[in-house]
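Asks: any chance you can model this:
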Amino acid sequence: MVKYKFNRHTIETIKTRSQSINQNEKYDFQTLPWLYSGKSLFMLFSMKFKTVGLIGKQAHQGANLSLKALIVYLTKRGCRVLVETKTAQKLDTNGFESADITEIGKQADLAIVVGGDGNMLGAARVLAEFNVAVVGVNRGNLGFLTDINPDDFEPQLDSIFDGECQIEQRFLLEVEVYRDGKVQSKDSAVNEVVIHHGKVAHMMEFEVYLDDNFVFSQRSDGLIVATPTGSTAYSLSGGGPILTPNLDALTLVPMFPHTLSSRPIVVDANSTIKLKVSPENTDNMQVSCDSHIVLTVLPGDEIVICKNPAKLSLIHPKNYNYFNVLRTKLGWGSKLY
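Replies: Numbering: from 1, shown residues only. Just a heads-up that it's a prediction; the model follows:
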């Protein structure tokens with residue numbers, strides 16, 4: 001059985017929704033809101049993952065060992081196993097089908113990402129569009145998003161398959177680059193959207209608007225627009241605040257502004273952020289999404305950033321605690337008493 005925690009204002013909606021869940025259907029995680037604070041209600045649903053996708057870190061011996069062990073484990077549980085095409089090429093074993101990540105999104109009930117947070121971000125941008133639940137096995141460094149220990153994954157996955165787990169939803173960002181009023185390029189991000197210069201240590205000039213209201217102009221190396229998920233990543237390195245995952249907010253973090261008064265600002269995540277790049281800039285600029293995807297920006301272009309309608313459904317072990325993760329990963333002090 002799976003334990004969901006809901007805000008009391010959504011109880012009636014959930015009761016109606018729970019009656020329509022069918023064991024043979026793919027679970028619609030986006031219609032099941034997940035909140036952490038306030039008075040809450042726990043509800044139980046029976047749940048089975050029949051088709052499981054595996055996405056792994058490329059050319060990593062530890063990740064390959066974990067993937068082989070996962071294939072054996074999932075096969076014993078009677079699951080159909082889909083392994084991402086590039087990942088499958090590095091595995092000298094059988095018992096699985098090969099599929100690209102889009103096909104995994106279409107067919108899988110659950111995706112297991114073996115690697116670091118970067119691997120999770122790359123997979124999440126695609127899988128969120130298909131409403132696939134995702135869990136991470138950490139074969140990277142920090143592991144903010146991949147929280148299952150690779151040396152002890154079986155009991156943790158047993159609990160998840162038995163429904164003793166936490167499911168939370170993280171929202172994504174959508175970014176579009178406009179030139180002369182027409183969309184030139186667009187993409188999505190889980191962590192952050194960053195506008196920056198194509199050259200290292202080179203300033204740019206731009207204006208920032210929030211829901212068409214002018215906020216400020218700035219000369220700086222760029223601007224980071226981060227989600228709560230991304231607030232512990234690049235944004236944190238730039239001096240931005242940590243936003244807990246349940247907050248419906250964004251943080252705007254200037255990068256090396258040419259002023260002493262510029263500070264990060266937290267805004268409503270449902271706002272539309274528009275950046276107008278000054279035509280006085282002499283070189284091309286870039287917009288990067290999670291440091292994976294780069295969109296070209298020319299002087300005079302406009303960049304529009306808003307919330308993506310897709311949501312990432314993250315599964316955590318039952319004993320997961322966000323603040324424990326922060327203490328462990330960031331080296332915070334332990335309890336005094």
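Asks: what pairs with residue 84 across the strands?
Replies: Bridge pairing for residue 84 (DSSP bridges) gives the partners residue 99.
Asks: I'd say it and residue 53 touch.
Replies: Yes - contact between residue 84 and residue 53 holds when scored by C-beta atoms under 8 Å: they sit 7.0 Å apart. Where you see a C-beta, it was placed from the backbone N, CA and C, and this is true even at glycine.
Asks: which one of the two has more residues nearby?
Replies: Comparing residue 84 with residue 53 by other C-beta atoms under 10 Å, the one with more neighbours is residue 53, at 29 against 22.
Asks: which neighbours do residue 84 and residue 53 have in common?
Replies: Counting by C-beta atoms under 8 Å, 6 or more residues apart in numbering, the shared contacts of residue 84 and residue 53 are 99, 101, 104.
Asks: OK, contacts around the first one?
Replies: In other words, residue 99. Contact partners of residue 99, counting by C-beta under 8 Å, 6+ apart, are 53, 82, 83, 84, 85, 107.
Asks: next one, pLDDT for it please.
Replies: Predicted confidence (pLDDT) for residue 99: 95.
Asks: and what of the one 4 residues further on?
Replies: The confidence metric pLDDT takes the value 96 at residue 103.
Asks: so it sits against residue 82, correct?
Replies: Yes - with contact defined as C-beta under 8 Å, residue 103 and residue 82 form a contacting pair (7.3 Å).
Asks: comparing those two, which shows the higher neighbour count?
Replies: More neighbours surround residue 82 than the other of residue 103 and residue 82, with 24 against 16 (other C-beta under 10 Å).
Asks: the strands in the stretch 1-150 of the chain, which residues?
Replies: Along the stretch 1-150 of the chain, counting by DSSP state E, counting those that start in this stretch, strands occupy 2-7, 40-45, 51-56, 80-84, 97-99, 110-115, 133-138.
Asks: least reliable of these by average pLDDT, please.
Replies: Taking the average pLDDT of each of these, the minimum falls on strand 40-45, with a mean of 36.
Asks: so what are the sheet partners of the one helix or strand residue 177 maps to and their directions?
Replies: Assignment of secondary structure by DSSP states H and E places residue 177 within strand 165-179. Sheet neighbours of strand 165-179, with direction, are listed as strand 182-189 (antiparallel), strand 302-317 (antiparallel) (DSSP bridges).
Asks: out of those, which is the most enclosed?
Replies: Among these, judged by mean count of other C-beta atoms under 10 Å, the one packed with the most neighbours on average is strand 302-317 (a mean of 20).
Asks: what mean pLDDT does that strand get?
Replies: Model confidence over strand 302-317, given as mean pLDDT, is 95.
Asks: contact partners of the very next helix or strand once past it?
Replies: Beyond strand 302-317 in the direction of the C-terminus, DSSP H and E gives the next helix or strand as helix 322-330. Contacting residues not belonging to helix 322-330 are listed as 36, 142, 143, 144, 147, 232, 242, 244, 245, 332, 333, 334 [C-beta under 8 Å, 6+ apart].
Asks: what do you get if the cut-off is 6 Å, keeping everything else the same?
Replies: Surrounding helix 322-330, the residues in contact under the criterion C-beta atoms under 6 Å, 6 or more residues apart in numbering are residue 142.
Asks: also stretch 77-87?
Replies: Looking at what lies outside stretch 77-87 - C-beta under 6 Å, 6+ apart - the contacts are 51-56, 71, 74, 96-101, 104, 108.
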